[in-house]
Each structure stands twice: as structure tokens, then as C-alpha cells.
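A.B. asks: sequence plus predicted model, see below.
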Amino acid sequence: MSLSALVRQGSTWKLLRPQFCRSGGRCVVRAASSDASSDVKSKLKDAELLKTDCFVGGEWTGAESGETMPVYNPATNEVVANVPVGGAKETSRAISAAADAFPGWKAKTAKERGSILRKWYDLVVEASDDISSIMTAECGKPFAEAKAECVGGAGSIEWFAEEGRRIQGDVLETVNPSIRFLTTKSPVGVVGAITPWNFPMSMITRKVSPALAAGCTVVLKPAEVTPLTALSLAELGRRAGIPAGVLNIVVGDAPAIGDTLIASDTVRKIGFTGSTGVGKKLAAGAADTVKRVSLELGGNAPFIIFDDADVETAAQMTVSSAFRNAGQTCICANRIFVQEGIRSQFVEAITAVVNGLKLGSGFDEGVTMGPLISPKQRDRVHELVKEAVSKGAKPTTGGGIPNLGGKLDQGYFMQPTVLDNATLDMKVYKEEIFGPAMPIITFKQDKDAIKMANDTEYGLAAYFWTKDLARAFKAAEQLDYGMVGINEQAITSEIAPFGGIKHSGVGRENSKYGLEEFLQLKTLVMGVGYNKTL
Ligand SMILES: NC(=O)c1ccc[n+]([C@@H]2O[C@H](COP(=O)([O-])OP(=O)(O)OC[C@H]3O[C@@H](n4cnc5c(N)ncnc54)[C@H](O)[C@@H]3O)[C@@H](O)[C@H]2O)c1
Ligand SMILES: O=CCCC(=O)O
């Protein structure tokens with residue numbers, strides 16, 4: 001068994017099975033043959049996609065201060081590119097550009113906007129190898145995973161290119177014979193979009209595509225550590241005919257850009273994906289100008305294996321979920337609950353799957369797990385593992401920081417770790433791990449698993465494995481989460497609403513509901529000048 005990269009093919013997801021990589025039961029990397037090069041430009045078919053400026057009002061522009069900051073390859077700690085440190089001034093200019101472009105973009109028909117989006121989709125699909133190389137270079141995920149994100153992210157552009165044409169108002173049954181009631185939907189206006197580093201493309205397309213399809217214009221702030229994927233998307237959008245000012249990108253100083261977006265009365269909506277802490281601050285700030293907000297925040301997903309589950313399949317899927325993007329996925333399995341009777345079989349199976357992982361540069365053949373995004377993040381996860389071990393958890397594999405050799409020794413890698421005997425007092429149980437560690441907790445009765453699963457402030461995604469229909473319905477109905485995977489861990493699709501409850505956020509992305517987030521309702525009440533009963 002081996003962990004597989006989750007790869008999108010058409011409208012379905014497939015597990016791409018890499019070659020096994022075993023060395024004394026531990027993950028290894030062949031550093032000598034590693035292609036961890038940070039010279040991403042040489043990997044691109046179209047080198048013009050590597051943009052290193054802000055994109056404001058249709059122009060590529062540096063920061064007024066002239067200041068730049070490096071973007072690192074987390075596999076090697078080498079500099080991939082330098083980008084401007086944009087701040088309040090650049091953001092204000094971008095907001096003005098978006099406001100100027102709004103009336104013209106709004107006035108286009110949904111079909112006109114849709115055909116520009118469709119062209120953007122086509123260009124993104126055509127350039128998906130290049131976008132994926134840029135993504136792997138700046139965020140570290142294996143190329144196959146980057147490609148899967150690229151295809152899924154493009155899927156959102158395609159979906160909303162089509163869905164924009166299905167925006168509908170209502171004609172309401174009147175209560176007054178001389179009056180008619182209608183509702184119309186219009187774009188909310190200028191949107192501020194703030195996105196994280198873990199999915200540098202798809203978190204953008206889920207916000208920008210519905211916003212543009214609805215007729216809004218956008219100022220996007222990508223994560224400061226992964227701005228290059230965003231900038232390549234802007235270049236393709238420009239080529240697709242997205243008019244100047246409709247999509248603007250400011251990279252740089254997060255609080256300065258964020259504060260300017262939040263304070264602006266012109267910006268009528270904030271779409272944010274990131275940590276719960278930052279999301280709460282943004283939501284509080286947005287109250288001053290009564291902006292709408294959508295928040296896609298953190299998670300602490302339970303993954304429940306009931307005793308009638310197919311253990312081998314569940315073990316494979318658990319690893320695919322927990323260690324996707326090296327565990328840095330908001331819907332990652334974070335706490336694994338296994339029913340008593342199948343515990344040892346499951347732990348053995350899962351350890352074997354994890355031992356089949358290959359750690360290394362995302363550009364290297366067969367690599368299934370890359371580095372974490374930063375040394376800070378790697379050390380945080382390592383500390384969580386050490387705390388769990390000090391409280392009695394037993395690593396059946398991993399547990400430390402690997403020695404990979406060559407350039408990769410400068411990278412931010414952590415061994416994929418299985419923690420058997422985890423307990424409720426450990427931080428790995430209470431916190432979002434956001435790294436390659438999985439705590440395994442044993443339960444006796446179904447109700448115990450559900451109780452522990454719901455024992456968190458988060459409510460993003462939950463999963464369980466069973467063949468019993470009654471058990472499945474009961475668990476699905478009792479889990480307090482925005483999304484539930486039933487015998488399935490690949491729950492993301494452009495057609496399905498994505499989002500959480502409780503401290504995991506408000507609003508939904510993708511699907512028909514994702515478009516509503518960028519539309520506002522207007523009620524038209526018309527005295528029609530005759531009484532229909534006469
Ligand atoms: N629910 C979802 O759909 C989803 C998806 C991906 C990631 N996430 C969550 O994101 C978190 C990891 O991402 P992260 O570390 O990039 O989160 P983060 O909150 O640190 O950063 C997210 C974005 O916010 C920006 N930011 C940071 N401080 C800001 C400020 N003061 N004002 C304005 N913007 C600011 C960052 O630059 C980045 O662009 C995890 O908690 C993860 O669960 C959630
Ligand atoms: O990290 C959050 C996004 C994960 C996904 O799109 O499946």
C-alpha cells in the first residue's frame with residue numbers, strides 16, 4: 001500500500017499511486033537525484049507566466065516604496081523570486097481601479113462575462129503544467145497534487161462561467177391587486193479577497209470566479225508566501241480579456257493591505273480563507289462599514305472508522321486525507337477515531353501505508369509528500385508531536401525531522417507521523433495540527449465517537465467509514481459539521497457547497513450557493529396603475 005496523490009480527472013478524483021519507497025520501514029528521499037531547483041522559470045513552457053509585480057488597473061507595478069521581499073521554495077529554502085511589498089497605498093489604488101471598472105463590468109450581460117471567464121478557464125487548463133510548477137516551487141506540494149489543485153481550481157472558473165447565466169430574481173404573488181412585487185439580484189460591488197498559502201490557486205478561483213460572474217470587481221491579496229501562482233492567474237485573466245481594473249492583485253504586507261480593504265467603504269464584501277484568528281479580526285473590522293463577509297476558516301476534522309468498515313480501504317483513505325499537502329489542508333483528517341475491535345488491524349494497516357510515502361521535493365518523480373510551508377510551521381507540528389509523546393502517545397512511524405541530504409536539508413520537512421494511543425488531553429486532539437501527524441484514538445460505542453467528534457469549536461469537515469446504512473444516516477445527522485464524507489474522503493468539487501459552521505466560518509464557496517455570496521437582493525414594488533380584481 002502507498003499514499004497516493006489525489007488527482008482530479010474530469011469531474012471525479014482519482015488516487016494516483018506512486019512507486020513504493022521503503023527503507024527500513026521509513027520514508028526516504030533520493031537526494032542525489034533530487035530536482036529541487038528553485039529556478040522555476042527554466043521549468044516553464046511560457047516564462048511570461050512568472051510575474052513578480054502587483055497587478056493594478058491592468059498594469060504590472062512595483063510598490064511605491066520600491067521595497068521587495070523574497071518568496072522561498074520550502075523544499076530548499078532557496079529564493080524563487082522577489083515580489084513587491086505592497087501596502088496601504090497600492091491597495092487604495094487597486095480599490096479605486098476596481099471601483100472605476102465596476103459599472104462597465106456590471107453592465108455586461110452574464111453571457112458576456114461568462115465567455116471571458118470561459119476563455120480564462122481554457123487558458124488556465126492549457127497552462128496547467130506551468131501553473132503547477134510555480135505552485136510546487138512556492139508552496140512545496142508534489143507536482144501531481146499541484147496539478148490536481150490546478151484542475152480543480154480551473155473547475156471553479158468553468159462552473160461559474162456557466163452559473164452566472166442562471167442568476168434569477170422572483171415575481172411574487174401580490175397581496176394588493178394594484179401592486180406587483182419583484183426581486184432582482186445585482187452584484188455586491190467591489191470585493192476584497194484574501195487567500196491562504198496552502199491552496200494558492202483554488203482558494204482564489206473559488207472567490208474570484210463567482211465574484212466576476214456576478215458582475216463584481218475584485219482586489220485580491222494572496223498569501224505573502226505564495227503570491228506567484230496568483231500572479232500567473234492574473235496574467236492569464238488579462239490574456240483572456242478580463243478588462244483592466246476588474247481583477248487587481250496586491251502582494252505584500254498582510255495587515256496593511258487587509259486593514260485598507262477592511263476600512264474602505266467602497267469594498268462591500270470580504271471573502272476570506274485562512275485561520276480562525278485572522279478571520280475573526282476581519283469580521284469584527286468589517287462591521288464598521290457593514291460589509292458582507294464570507295469566512296472559510298480552520299478545521300479539526302474527525303475521521304471515524306466504525307468496526308464494519310473495510311479496514312484496508314479506510315487506512316488508505318485516512319492517509320490520503322490526513323497527509324494531503326503534508327497535512328496542511330483545512331479539511332484534513334485531524335483526529336482518527338477507531339472502534340476497539342479493529343484497532344490493531346487498522347493501526348498496522350495505516351502504518352504500512354505511511355511507510356510507503358516518499359518525502360522530498362515536489363518536482364521529484366514519485367514524491368508523495370513535500371515540506372511544510374515554513375520552519376515555524378514545521379517546528380510547531382514537531383512540538384505538538386513531542387507533547388503528545390510526553391503524554392503517552394506512541395509513534396508507530398515518524399515522529400521527527402528527517403535528514404534528507406543535499407539541498408533538501410535546508411527544507412522544512414517533517415516525517416509523516418502516526419500517533420497511536422492518543423488521548424483527549426493532548427494538543428493534537430484539541431488543535432488543528434496542519435501538518436503530517438495523525439493521532440489515533442480508540443472508542444467503544446458509536447455514541448462515544450460522535451461525542452468526541454463534536455467536542456471542538458470547529459465545524460468544517462467530518463468523515464466516517466461504515467457499510468451500515470442506519471449507522472451512516474445516524475452519524476451524518478449527528479455530526480455538527482458543514483461537510484460530511486461518508487466512505488469518501490475526496491469531498492471537494494466545484495458543484496458542491498464548501499464551508500463550515502461554528503468557528504470554521506460562515507458562507508459557502510463553489511456550487512450555486514457560492515454565487516449567492518456575491519449577489520444582493522433588491523425588492524421592486526410597483527404600483528401598476530390598475531386593480532386586477534376590477
Ligand atoms: N475553510 C477553508 O476553506 C480553508 C481553506 C484553506 C485554509 N484554511 C485555513 O487557513 C489556515 C492556514 O492558512 P494561513 O496560515 O495562511 O492563515 P492566515 O490566517 O495566517 O492567512 C490567511 C491570509 O490572511 C492574510 N492575513 C494574515 N494576517 C492578516 C491581517 N491582519 N489582515 C489581513 N490579512 C491577513 C495572510 O497574508 C493570508 O493571505 C488554517 O487554519 C486552515 O484551516 C481554511
Ligand atoms: O484547505 C482547504 C481546501 C481544501 C480543498 O479544496 O479540498
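C.D. replies: Perfect, I can see it now. Remember, it's a predicted structure, so these values are computed and weren't measured experimentally. Ligands and ions are numbered 1, 2, ... in the order given.
A.B. asks: any weak-confidence spans in the chain?
C.D. replies: Per-residue confidence for the chain (pLDDT under 70) gives these ranges: 1-38.
A.B. asks: go again using 90 as the cut-off
C.D. replies: Filtered on pLDDT under 90, the chain yields the residue ranges 1-39, 532-534.
A.B. asks: residues in it within reach of ligand 1, list them.
C.D. replies: Proximity of the chain to ligand 1, by CB under 6 Å from any ligand atom, involves residues 194-199, 203, 221, 223-224, 254-255, 258, 273-275, 278, 281, 296-299, 330, 432, 434, 460, 500, 505. Heads up, the C-betas are built off the backbone N, CA and C, glycines and all.
A.B. asks: now these: which count as buried?
C.D. replies: Those of these that meet the buried threshold are 194-199, 203, 221, 223-224, 258, 273-274, 278, 281, 296-299, 330, 432, 434, 460, 500, 505, by 16 or more other CB atoms under 10 Å.
A.B. asks: now, which of those lie within strands?
C.D. replies: 194, 221, 273, 296, 505 (DSSP state E).
A.B. asks: can you add distance to residue 86 and give those back as TSV?
C.D. replies: TSV is the format used below for these (distance: CB to CB, whole Å):
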residue	distance to residue 86
194	13
221	8
273	19
296	23
505	26
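A.B. asks: for those residues, name the two members farthest from one another.
C.D. replies: The distance between the two most remote of those (CB to CB) is 17.8 Å, for 221 and 505.
A.B. asks: could you pull out the helices in the stretch 351-500 of the chain for me?
C.D. replies: Along the stretch 351-500 of the chain, counting by DSSP state H, counting those that start in this stretch, helices occupy 375-390, 427-430, 446-453, 469-478.
A.B. asks: which elements pack onto the shortest one?
C.D. replies: In this case it means helix 427-430. Applying 3 or more CB pairs under 8 Å, 6 or more residues apart in numbering; DSSP states H and E, we find helix 427-430 packed against strand 333-339, helix 375-390, strand 437-443.
A.B. asks: what's near enough to touch the residue of the stretch 151-300 of the chain found nearest ligand 1?
C.D. replies: As assessed by CB to the nearest ligand atom, ligand 1 sits closest to residue 258 within the stretch 151-300 of the chain, at 2.1 Å. Residue 258 makes contacts with 194, 221, 278, 282, as judged by CB atoms under 8 Å, 6 or more residues apart in numbering.
A.B. asks: state the distance from the first one to residue 518.
C.D. replies: Taking CB to CB, to the nearest Å as the measure, residue 194 falls 15 Å from residue 518.
A.B. asks: I'd say residue 69 and residue 81 touch.
C.D. replies: No - contact between residue 69 and residue 81 fails when scored by CB atoms under 8 Å: they sit 10.0 Å apart.
A.B. asks: out of the two, which sits in the busier spot?
C.D. replies: With neighbours defined as other CB atoms under 10 Å, residue 69 and residue 81 compare such that residue 81 has more, 22 against 18.
A.B. asks: surely that one is in contact with residue 53?
C.D. replies: No - in this structure, residue 81 is not within contact of residue 53 by CB under 8 Å, at 10.4 Å.
A.B. asks: what does this protein put close to ligand 2?
C.D. replies: Counting by CB under 6 Å from any ligand atom, the chain sits next to ligand 2 at 198, 199, 202, 329, 330, 331, 492.
A.B. asks: now do the contacts for the fourth one.
C.D. replies: Residues in contact with residue 329 (CB under 8 Å, 6+ apart) are 198, 199, 321.
A.B. asks: taking these one by one, which sit in helices?
C.D. replies: When helices are assigned by DSSP state H, the members of those inside them are residue 321.
A.B. asks: residue 522: which of the contacts of residue 329 is nearest?
C.D. replies: residue 199 (33.9 Å).
A.B. asks: find the nearest non-adjacent residue to the closest one, please.
C.D. replies: residue 149 (5.8 Å; CB to CB, 6 or more residues apart in numbering).
A.B. asks: and the one you found, what is it in contact with?
C.D. replies: 132, 135, 141, 199, 200, 201, 202.
A.B. asks: ok, and the most crowded of those residues?
C.D. replies: Most neighbours among those, by other CB under 10 Å: residue 141, with 31 neighbours.
A.B. asks: picking up where we left off before, in JSON lines: the contacts of residue 258, plus distance to residue 292.
C.D. replies: What follows is those, written out as JSON lines (distance: CB to CB, whole Å):
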{"residue": "194", "distance to residue 292": "14"}
{"residue": "221", "distance to residue 292": "17"}
{"residue": "278", "distance to residue 292": "17"}
{"residue": "282", "distance to residue 292": "12"}
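A.B. asks: now, which of these sits nearest residue 451?
C.D. replies: residue 278 (29.9 Å).
A.B. asks: list the contacts of the closest residue to that closest one other than its chain neighbours.
C.D. replies: Excluding its sequence neighbours, the residue lying closest to residue 278 (CB to CB, 6+ apart) is residue 272, at 7.4 Å. Applying CB under 8 Å, 6+ apart, one finds that residue 272 lies in contact with 193, 194, 278, 279, 282, 293, 294, 295, 296.
A.B. asks: now those residues as JSON lines including distance to residue 239?
C.D. replies: Conversion of the contacts of residue 272 to JSON lines gives the following (distance: CB to CB, whole Å):
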{"residue": "193", "distance to residue 239": "20"}
{"residue": "194", "distance to residue 239": "25"}
{"residue": "278", "distance to residue 239": "32"}
{"residue": "279", "distance to residue 239": "33"}
{"residue": "282", "distance to residue 239": "32"}
{"residue": "293", "distance to residue 239": "31"}
{"residue": "294", "distance to residue 239": "28"}
{"residue": "295", "distance to residue 239": "32"}
{"residue": "296", "distance to residue 239": "28"}
